[in-house]
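Participant: A structural model of the following input is requested.
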Amino acid sequence: MAWIQKLSRASGKESVEDLMQQKKQLLVAVDRYNRIFMGSRGYGFVDWDLLNKRMHWDGAFWENLGYSQQDMDHISDSNHFLEYVHPDDREIMNNAIRGQLKNQHNGEVTCRIRRKKGGYIWAEFRTSAVRDENGWVSFMSGIAFDVTKLKQTEQALLISEARHARIIKSSNDGIWEWSADHGGFHFSNRCWEQLGYTEHDDVVNQGIDRVQAWRARMHADDGEVFDKVLRDHIRGKRPFDIEYRIKGKDDEWRWIRARGQMTYNEKGEPKRMSGTNMDITQLKNAEERVIKAKEAAEKANRAKSEFLSSMSHELRTPLNAILGFAQLFELDSNLNSDQLANVEEIKKAGHHLLQLISDVLDLAKVEAGRMSFSLEEMTPIRLLKECVVYLKPQASERDISITTEYNGLEEQTICADCVRYKQVLLNLISNAVKYNRDGGSVHITCSITKDDQFRLSVKDTGIGIPAEYQHQLFQPFNRLSAENSHIEGTGVGLVITKQLVEHMGGQLSFASQENVGSEFWVEFPIQYEQTDVSARERTEELWNSDVNEIPELEITTTKKILYVEDNPPNQRLMQQILARYPQLQLEVAGESLRGIYLARTSKPDMIILDINLPGMDGFETLDVLKKDPQTENIPVIALSANAMAHDIKRGEESGFETYLTKPIEIGKLIATCNQLLRDK
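Facilitator: Numbers count the residues shown, from 1 in each chain. Model prediction:
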């Protein structure tokens with residue numbers, strides 16, 4: 001063997017023992033390199049003999065690509081190597097080889113290498129050239145390794161950077177950054193473009209610090225807020241998110257929304273802060289337009305409320321005389337039956353007009369969301385029974401029967417507003433009577449649905465609603481052609497009913513067939529837990545409190561009443577009403593100052609005060625009376641045509657003992673006298 005021959009030719013300077021030691025070291029090195037080659041997995045080691053056109057490969061590089069030892073004979077032929085390089089990368093590989101041969105390349109190249117079963121990996125080759133005495137390359141040796149994951153990471157990073165660049169570009173936001181290391185701010189050109197500048201403008205390129213240039217253009221009122229938000233953010237108290245004004249190149253104010261995030265070093269010191277500037281000028285302008293539109297809408301709504309209040313007052317004032325004197329005629333025992341019938345027609349027309357006013361006002365209140373609701377536990381059937389009793393006379397006039405089916409649910413409770421629920425029932429049942437045919441029927445059914453809803457259904461045998469009109473049923477003032485009939489109405493009753501039901505958490509539905517009839521039903525969640533009898537008592541008392549019967553006057557001694565009213569018909573009406581009660585002595589004042597004088601001098605037992613008085617209104621008059629020691633203890637009641645909810649609320653809060661509305665109801669007036677003037 002070669003090493004034995006070498007030993008036999010050993011000179012005196014190299015002993016056999018030395019050569020044996022060298023051999024031993026060489027074998028150890030060979031074993032080490034073999035272990036490295038075998039453990040390299042994704043690495044390959046190549047030694048390319050250019051003269052013999054052979055490429056000697058070691059390591060697991062090709063094995064990991066699925067190639068066997070038999071394949072290596074073909075791969076090791078340098079004439080076939082490029083077959084395994086991706087077609088798009090072969091020119092890159094050839095240029096790298098030529099460059100290294102000419103000593104113009106550093107011997108590093110990255111390309112894609114084909115797997116045996118298809119597909120490619122990214123590989124990086126690092127080689128060095130061995131040249132002969134003439135400078136020709138005889139060997140190229142180096143290493144090849146799989147860099148696919150690195151390439152994928154680079155590509156993902158490039159994609160992410162491109163995505164962020166597209167997002168930033170599409171968002172139209174400016175980018176800024178502060179760095180403690182560099183000691184200054186960096187503004188992207190987009191920040192200045194938001195103000196109307198370009199990178200060639202002097203304000204951007206002057207030697208002045210850009211932060212100072214930017215800050216100098218900020219609105220003075222916003223600068224301090226900006227500084228505070230920034231300080232709080234640095235201290236970790238709040239995010240940096242602020243809107244501020246800044247003057248643009250055209251000297252117009254722009255709105256900027258700045259957001260950023262501070263990072264800190266290991267000592268907790270501010271290190272870097274990055275953020276964005278968003279131009280929200282258009283948004284702020286739109287917001288200002290919305291605010292102005294809202295203010296205009298509120299102004300229009302106030303004007304609408306004032307108009308409705310004025311309309312209510314102006315209509316109720318003459319109605320007070322019409323219905324008031326009609327009530328007096330009813331009390332006159334000298335009238336014959338025809339005259340009483342005439343009085344009844346006057347009352348009927350007056351109450352109809354009053355109902356029209358109430359419907360319009362209720363609709364306005366519901367639509368404006370100003371109608372108040374007092375939701376409490378109540379028994380709907382007890383209230384229903386009272387409604388049926390009230391409406392049966394109206395049905396009997398046309399021979400219409402009203403039947404009920406309670407199904408044992410008399411004690412079932414729901415949560416609703418008693419007054420509003422009663423209004424719903426009266427509207428549904430009266431409609432079933434009003435739009436029925438003579439001799440027809442109304443059937444009311446109470447039941448529990450499968451989803452635990454208390455359903456109250458009102459079914460009639462009336463004219464029904466044509467299918468083409470049913471979608472218009474809940475449109476205000478749309479009577480579905482009933483305006484051409486003899487049936488009275490405004491077309492807002494069902495609209496109000498539906499909104500009342502929904503505001504109380506219920507649902508209103510209907511089904512109708514022309515010339516067959518209609519069925520309307522309301523559903524409310526049932527209450528399983530009944531508290532006590534108070535809910536039932538409130539339901540029972542609700543109707544009784546609303547019956548307009550004139551009670552007996554419970555006063556036996558003489559009481560003086562002062563009535564402050566500027567309208568002569570209303571004065572005469574009050575005089576004629578109280579003339580029926582000798583115990584009550586009435587004195588009338590036509591304006592506030594006269595009323596205050598009479599209150600101080602005659603010391604009445606009770607004062608009835610109108611609100612809309614000339615010069616000094618009723619609220620101002622009440623304030624004077626309550627501040628005067630001589631009149632402060634005299635009970636004062638309001639009697640006014642101002643019947644809007646806010647009018648009544650204001651009256652109750654101002655100190656009136658009670659607030660009565662016109663048209664006057666004699667029963668309520670006498671009940672009030674009994675309450676305030678009852679003999680001690």
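Participant: switch to C-alpha atoms for all contacts and neighbour counts from now on
Facilitator: Will do.
Participant: mind listing the helices in the stretch 501-650 of the chain by residue range?
Facilitator: Using DSSP state H, counting those that start in this stretch, the helices found in the stretch 501-650 of the chain span residues 534-544, 568-578, 592-602, 618-627, 645-654.
Participant: now the spatially closest residue to T556 that is not a sequence neighbour: how far from L639?
Facilitator: Excluding its sequence neighbours, the residue lying closest to T556 (CA to CA, 6 or more residues apart in numbering) is Q583, at 6.4 Å. Computed as CA to CA, to the nearest Å, the Q583 to L639 distance reads 21 Å.
Participant: Kindly reformat the helices of the stretch 501-650 of the chain as JSON lines containing distance to L375, mean neighbour count and mean pLDDT.
Facilitator: As requested, the helices of the stretch 501-650 of the chain are exported to JSON lines (distance: least, CA to CA, whole Å; neighbours: other CA atoms under 10 Å; pLDDT from 0 to 100):
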{"stretch": "helix 534-544", "distance to L375": "11", "mean neighbour count": "16", "mean pLDDT": "43"}
{"stretch": "helix 568-578", "distance to L375": "37", "mean neighbour count": "16", "mean pLDDT": "89"}
{"stretch": "helix 592-602", "distance to L375": "40", "mean neighbour count": "16", "mean pLDDT": "92"}
{"stretch": "helix 618-627", "distance to L375": "31", "mean neighbour count": "18", "mean pLDDT": "92"}
{"stretch": "helix 645-654", "distance to L375": "18", "mean neighbour count": "15", "mean pLDDT": "82"}
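Participant: How far off centre is the longest helix seen in the chain?
Facilitator: Using DSSP state H, we find that the single longest helix of the chain is helix 281-330. Distance of helix 281-330 from its chain centroid, counting by CA atoms, centre = their mean, to the nearest Å, is 27 Å.
Participant: hmm, back to that, okay, Q583 and L639: which has more neighbours?
Facilitator: Shown here are Q583 and L639; by other CA atoms under 10 Å, L639 has more neighbours (24 against 16).
Participant: Among the helices of the stretch 501-650 of the chain, which comes closest to I664?
Facilitator: Among those, helix 568-578 comes nearest to I664, with 9.3 Å by CA to CA.
Participant: quick check: angle from the closest one to helix 281-330?
Facilitator: Inter-element angle recorded for helix 568-578 and helix 281-330: 50 degrees (by axes from the mean of the first three to the mean of the last three CA atoms, to 10 degrees).
Participant: From the contact counts, what lies against helix 568-578?
Facilitator: For helix 568-578, the packing partners by 3 or more CA pairs under 8 Å, 6 or more residues apart in numbering; DSSP states H and E come out as helix 281-330, strand 584-589.
Participant: rewinding a little: what sits against the residue nearest to T556?
Facilitator: Taking CA atoms under 8 Å, 6 or more residues apart in numbering, we find Q583 in contact with 555-559.
Participant: Can you pull the phi/psi pair for it?
Facilitator: phi -70, psi -20 (degrees, to the nearest 10).
Participant: try I664
Facilitator: phi -70, psi 140.
Participant: Can you give me the neighbour number for it?
Facilitator: 24.
Participant: ditto for the one 10 residues further on
Facilitator: Per other CA under 10 Å, the neighbour tally for N674 reads 16.
Participant: Can you say which helix or strand has it in it?
Facilitator: N674 is part of helix 666-677, with elements assigned from DSSP states H and E.
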